[in-house]
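Novice: one predicted model, sequence on top.
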Amino acid sequence: MNMTLRALLGACAAAALAGAAAAQTSITVATVNNGDMIRMQGLMSDFNAMHPDIEVNWVTLEENALRQQVTTDIATGGGQYDVMTIGTYEVPIWAKQSWLEPLSDLPADYNVDDLLPSVRNALSVDGTLYAAPFYGESAMIMYRTDLMEKAGLTMPDSPTWADVKAAAAAMTDKDNEIYGICLRGKPGWGENMAFIGAMNNSYGGRWFDMDWKAQFESQEWKDTIADYLDMMTNYGPPGASANGFNENLTLFQQGKCGMWIDATVAAGFVTDPTNSTVADNVGYAQFPNKEGVDNHGNWFWAWTLAIPASSDAKDAAKTFVQWATSQGYTNLVASKEGWRAAPPGTRTSLYENADYAAAAPFAKMTLDSMNAVDFTKPSVQEIPYTGAQFVAIPEFQGIGTAVGQEMSAALAGQKTADEALAASQALTDEEMKAAGYLQ
Amino acid sequence: MATQASRSAARLMVSPSVILLFIWMAVPLGMVIYYSFRRYRLLNPERAGWNGWSNYSSFVFSPDFGGALVNTLILVLGVLIITVVLGILIALLIDQPIWGQGPVRILVISPFFIMPPVSALVWKNMFFNPSNGLFGELFKYLGMRPFDFLGQAPLGSIVTIVAWEWLPFATLILLTALQSLDSEQLEAAEMDGAPVLKRFWYIILPHMSRSITVVILIQTIFLLGIFGEILVTTAGGPGTASTTLPFLIFKEALLDFDVGTAAAGGVVAVILANIVAIFLMKAIGKNLD
Amino acid sequence: MARAVTPARKSINTAAAWTVALIIFFPILWTILTSFKPEPVAVASPPVFLNFDWSFENYETVIQQRGYGQFFWNSMVIAFGSTILGMIIAIPSAWAMAFVHGKRTKDLLMWMLSTKMMPAAGVLVPIYLIAVYFKILDTRFLLTIVLMLMNLPIIIWMLYTYFREIPVDILEAARMDGASLTNEILYVLTPMAVPGIASTLLLNVILAWNESFWTLNLTAFNAAPLTKFIAGFSSPQGLFYAKLSAASVMAFLPIMILGWFSQKQLVRGLTFGAVK
């Protein structure tokens, strides 16, 4: 039995080798089905013309499915992928496990010093870069200028949560399917907890105290959740507990949201006249804060391209990663689809470009928000962790998703805010105990 | 006819399947039992080691476990009841002389060919979505606020999707049984003036009992493993309102990347599934032979 | 059952049956309609049924963005490969169990079915590690083997119930004529069992085609079937209902057409021995 199996497998391996011996190197790229990545797949003819010897195979998945598959693959050394699309949360954790190939010998024309310092720091461990940023984002308010005008209000550049609530109340018109505010409610550490985590930062809260004890019973968390639920129940769209970034984007593009507080990258989509019915009526403001708290959410994320150490085509993978994150690629997008569509938030040169500034009214707000982020200190209080809208420890995915479920239960009305917070406290402490942080 | 020679020949012929299935069962099960006593987190591989029973205790005593058991039962029983009852009714209807029996049958069996992620995506986005789904439009047409199906009735919505997927299977098997019914017997009963309900209860239903058993048995095996539909539509939420046992294990394995606890959950699920199987065989097994 | 009924009764029955059938079919019909709509029409309120600019644009976009042929081919190879391999292993077993019926046969069958009770998510990492060890991750070979083992119990059971209905006398007559065991299976049994085999084949091809845990988690690109193709269309950015519908239709249409054309064969064997 065993012999036969081995013989069979041997034959398969031989067949696979014979296939690879052809002139082409093929690399498999796992990516998320976000608009910028889909756009890149449409521009591959440029890469193929420059590198006819490299064949790029795409695996395009929804964010959660992508994360499950690349994590399983990299942690078991599966080696199925040569390039993985991962975020600022994964990069430092995976780099410390030596799962990622360092990007140390980048050529001069890649101009690595052009990367935004905040992005570059977040993707480096001990000064070595481990992933190349494809696009980066912070968070801000996007609002409908026409609806604000109709309501007789003006949005300050730097509003407080009280301002936001007042604006949401004034714009809501449920009979005409206009909801004052759209926020994430779909459970997941990268979905609703990204928003709620940032909101809690701007309320002066924190995930853990210096002894790694969860802080869900603090006044800051209680205020955060109370205001979140209040706004969403009274001024939010129906079914909000299933809405993530993409669902809210659709609602905003359809003109059903007065305000949407989310990733800055959304600005490129809501102002896209071919898909958005409200492209000409979008204004931007800084992520809100609570009166007296010097923190505007500290939201920080970059989708990056990284090469797993288990890849067997690292050189081809590096060539591809350099192409996809180069200034040349930015120029390519600009020439094909206009500057508004250029992947934002990774390079200083983009924000010094007058054409981009003219085509993208959201450019300054994006850059300011990203520069304001302090990856080492997401909360105004003393904390033992680094991070942003997330906590940069391996256990956070599980904890964040479980807490996210509690928050979505509260949003759907199945639990009260206090019940959800108490359950979050219990499950987080339990998990931190099992993981060895808490005694 | 079962001579000694044919018996040993038979054994030889059965053995490839038995050996293969045994390996397929034993190797993963053995590994799962091994990991269920280990601390093994994919994202934190250096913290590995023996972990005693603590994976089991953290799975079984987690606040989600009890609810997941109840949800699994609701899902399985709900789908079974809907598919068997509707399956019988639809089979009776299609069995009547009608115009276009062939096309009708083709329409009725079609959902069986739809892969679970597709049907979940279609139902979630194009029917249940309160802003853009058809049910939302229906509510608006009737002058009501759209109902948030997946938020307010998550388990019921999932039961609907799964029942829609499995209704054709039940209907087909029950229809085949119905068509094999001796019509003379029915006509005789009709002549005797037996009312419709009595004919159904004393002649048709007993005749279909074996088929109903088969439907229940096969569907239970598949329904106990359902989780793709849950993942796509509600991801087990809101809260844990639609988390079933397989989904809870999935959550441990692929959202928390905690292989040890997922393995312990797998062992628990195998034990429970076998209890269900024994119970099922006791309850309806005599119908099978 | 050709019982005589009045035309009025038949009309009522016909109307009722068609109503039920159309309700059941409606989600599929709606998906097909939506796949031909421009994106904004797909989410229009009130909904638009037939009165729109029909176009294949969504199909073109989907194929251009993701490709299709490779996924379709992988689905074909995996679904038919695993089923045929399973049949080759199952036919002798089912034959033996059906004709040399021992006290333990039913227990053996139930044990086989019980191997399907293992929750897939619980064994994913172990299976993954085995696949990594043998370097067969993301190969059609691995998927074919795994799906064959998944469906083997169902295949054996279906064939067993079908073989049991074959009268034993015929076999004995053949044996009198000096037919060997192989000949007995090849020339006597198999022709009689063809309808059952066809039905088993069809059902298991459908089950393998629609399997969406292992096919998603054990593949990347090389062996990725249509389930992986569709996974990329779940909640993308922007309006996507029409593109999602087009991708859905492309994923289910091949197997649905196969099912429609072969539904008579499929139905005939789908009794699992329940009809005597």
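Specialist: Structure received. What you see is a predicted model; the values in this text were computed from it and never measured.

Novice: dihedrals phi and psi, the nearest residue to residue A:321 once chain neighbours are set aside?
Specialist: Spatial nearest neighbour of residue A:321, excluding adjacent residues (C-beta to C-beta, 6 or more residues apart in numbering or on different chains): residue A:305 at 4.6 Å. Heads up, the C-betas are built off the backbone N, CA and C, glycines and all. Backbone torsions of residue A:305, given as degrees, to the nearest 10, read phi -110, psi 120.

Novice: for the one residue in chain A that gets nearest to chain B, what are its contacts?
Specialist: Using C-beta to the nearest C-beta, the single residue of chain A nearest to chain B is residue A:409, 2.6 Å away. Contact partners of residue A:409, counting by C-beta atoms under 8 Å, 6 or more residues apart in numbering or on different chains, are A:241, A:415, A:420, B:237-241.

Novice: got a quick ChimeraX command for the buried subset of the residues you listed?
Specialist: Selecting only the buried entries of these in ChimeraX, with 16 or more other C-beta atoms under 10 Å in any protein chain shown as the criterion:
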select /A:241,415,420 /B:237,238,239,240,241
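
Novice: still on that earlier bit, give the bridge partners for the residue nearest to residue A:321, please.
Specialist: Taking DSSP bridges as the rule, residue A:305 bridges to residue A:85, residue A:132.

Novice: that one and residue A:130 touch, don't they?
Specialist: No. In this structure residue A:305 lies outside contact range of residue A:130 using C-beta atoms under 8 Å: 10.7 Å.

Novice: strands of chain B, start to end?
Specialist: With DSSP state E as the criterion, chain B has strands at B:38-39, B:49-50.

Novice: those: which one's closest to chain C?
Specialist: Smallest distance to chain C across these (C-beta to the nearest C-beta): 11.2 Å, for strand B:38-39.

Novice: tell me what the closest one is packed against?
Specialist: Judged by 3 or more C-beta pairs under 8 Å, 6 or more residues apart in numbering or on different chains; DSSP states H and E, the packing partners of strand B:38-39 are strand B:49-50, helix B:259-284.

Novice: so which of the strands of chain B gets nearest residue C:172?
Specialist: Taking C-beta to C-beta, strand B:38-39 is the member of the strands of chain B nearest to residue C:172, at 56.4 Å.

Novice: residue of chain C closest to chain B, please.
Specialist: The nearest approach of chain C to chain B comes at residue C:122, 2.3 Å away (C-beta to the nearest C-beta).

Novice: could you list the low-pLDDT ranges of the stretch 1-150 of chain C?
Specialist: Residues of the stretch 1-150 of chain C meeting the criterion pLDDT under 70: C:1-4.

Novice: if you set the cut-off to 50 instead, what comes out?
Specialist: C:1-2 (pLDDT under 50).

Novice: now the helices for it?
Specialist: Assigned by DSSP state H, counting those that start in this stretch, the stretch 1-150 of chain C shows helices spanning C:7-34, C:39-42, C:57-66, C:69-99, C:105-114, C:120-134, C:140-164.

Novice: related to what we said a few turns ago, quickly compare the strands of chain B and say which is most buried.
Specialist: strand B:38-39 (a mean of 18; mean count of other C-beta atoms under 10 Å in any protein chain shown).

Novice: before we move on, back to that, need the helices of the stretch 1-150 of chain C in CSV (columns: mean neighbour count).
Specialist: Below are these laid out as CSV (neighbours: other C-beta atoms under 10 Å in any protein chain shown):
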stretch, mean neighbour count
helix C:7-34, 16
helix C:39-42, 19
helix C:57-66, 18
helix C:69-99, 21
helix C:105-114, 18
helix C:120-134, 21
helix C:140-164, 23
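
Novice: tell me the centre residue of the chain?
Specialist: Since no chain was named, I'll use chain A. Centroid-nearest residue in chain A, with C-alpha atoms, centre = their mean: residue A:301, separated by 4.7 Å.

Novice: sorry, should have said chain B
Specialist: Central residue of chain B (C-alpha atoms, centre = their mean): residue B:223, 1.5 Å from the mean position.

Novice: wait, that one touches residue B:80, no?
Specialist: Yes. Contact criterion C-beta under 8 Å: residue B:223 and residue B:80 qualify, at 7.2 Å.

Novice: contact partners for residue A:46?
Specialist: Contacts here follow C-beta under 8 Å, 6+ apart; on that basis residue A:46 touches residue A:332.

Novice: my bad, residue B:212
Specialist: So residue B:212 contacts B:84, B:88, B:174 (C-beta under 8 Å, 6+ apart).

Novice: need those residues in a markdown table with neighbour count and pLDDT, can you?
Specialist: Formatted as a markdown table, the contacts of residue B:212 follow (neighbours: other C-beta atoms under 10 Å in any protein chain shown; pLDDT from 0 to 100):
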| residue | neighbour count | pLDDT |
| --- | --- | --- |
| B:84 | 21 | 97 |
| B:88 | 23 | 95 |
| B:174 | 27 | 91 |
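
Novice: going by distance to chain A, which of those residues wins?
Specialist: Once C-beta to the nearest C-beta is applied, the member of the contacts of residue B:212 that ends up nearest chain A is residue B:84, at 30.1 Å.

Novice: distance check, that closest one against residue C:26.
Specialist: According to C-beta to C-beta, to the nearest Å, residue B:84 stands 22 Å off from residue C:26.

Novice: same check on residue A:198?
Specialist: For residue A:198, the distance to residue C:26 - C-beta to C-beta - is 42 Å.

Novice: ok, now residue A:231?
Specialist: For residue A:231, the distance to residue C:26 - C-beta to C-beta - is 37 Å.

Novice: ok, now residue A:415?
Specialist: Distance from residue A:415 to residue C:26, by C-beta to C-beta: 35 Å.

Novice: residue A:163 too?
Specialist: The gap separating residue A:163 from residue C:26 is 47 Å, by C-beta to C-beta.

Novice: and of the helices and strands packed on strand B:38-39, who's closest to chain A?
Specialist: Closest to chain A of these is helix B:259-284 (C-beta to the nearest C-beta; 8.7 Å).

Novice: what is the mean pLDDT for the closest one?
Specialist: For helix B:259-284, the mean per-residue pLDDT is 87.

Novice: contact partners for whatever residue of the stretch 151-289 of chain B ends up closest to chain A?
Specialist: Residue nearest to chain A within the stretch 151-289 of chain B (C-beta to the nearest C-beta): residue B:239, separated by 2.6 Å. Residue B:239 sits next to A:405-406, A:408-410, A:412, A:414-415, A:420 when contact means C-beta under 8 Å, 6+ apart.
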